[in-house]
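>>> fold the following for me, if possible:
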Amino acid sequence: MDVGDIVYCRWTTHDGKEILHYGLVVNVHTKISEETILVTYATSKHVVEDCRPFEISLTKEMDIKHAGLIKPTLFDLRNCQRMKSSKCVKVGSLRTDDRSVIFTLKKAAIAAGLI
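Okay, the predicted model is just below:
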């Protein structure tokens, strides 16, 4: 897995249950025997193009398809979980070949206190 990947994974809820949900990989940590990733939760509710500094929104059709998603999606980088990468399946990625996407991801990570 790489930073910027969109994944479908098992999220642990506040009451300890697990649900399948989409997320955005914002950090990857590799040890000799295991890879863990920091994933931010995705939502398709209340998605706006002009989002808050700690959020990333995908609203353009090209970006949504590249990410492996089917509708506009918002990622709140304040809502993250660390998990084993084996609990996730990659479905797409942000367009990391676009420097503005990398800049937006870095800016949101700083605003969320991840960097």
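>>> pull up the gap between the residue positioned nearest the centre of the chain and residue 32, please.
Centroid-nearest residue in the chain: residue 24, 1.2 Å away (criterion: Cα atoms, centre = their mean). For residue 24, the distance to residue 32 equals 26 Å [Cβ to Cβ, to the nearest Å]. The C-beta positions use only the backbone N, C-alpha and C, and glycine is treated the same way.
>>> got it, and residue 74?
36 Å.
>>> repeat that for residue 68.
On the measure of Cβ to Cβ, residue 68 and residue 32 end up 30 Å apart.
>>> which of residue 74 and residue 32 has more neighbours?
residue 74 (20 against 4; other Cβ atoms under 10 Å).
>>> how far out from the middle of the chain is the helix or strand the more buried one falls within?
Using DSSP states H and E, residue 74 sits in strand 73-84. Distance of strand 73-84 from its chain centroid, counting by Cα atoms, centre = their mean, to the nearest Å, is 6 Å.
>>> what sits against residue 93?
2, 4-6, 66-68 (Cβ atoms under 8 Å, 6 or more residues apart in numbering).
>>> how many neighbours does residue 20 have?
Using other Cβ under 10 Å as the criterion, the residues surrounding residue 20 number 11.
>>> and it, what does it touch?
Contacts of residue 20 by Cβ under 8 Å, 6+ apart are 8-11.
>>> do that again at 10 Å, thanks
Applying Cβ atoms under 10 Å, 6 or more residues apart in numbering to residue 20 gives the contacts 8-11, 87-89.
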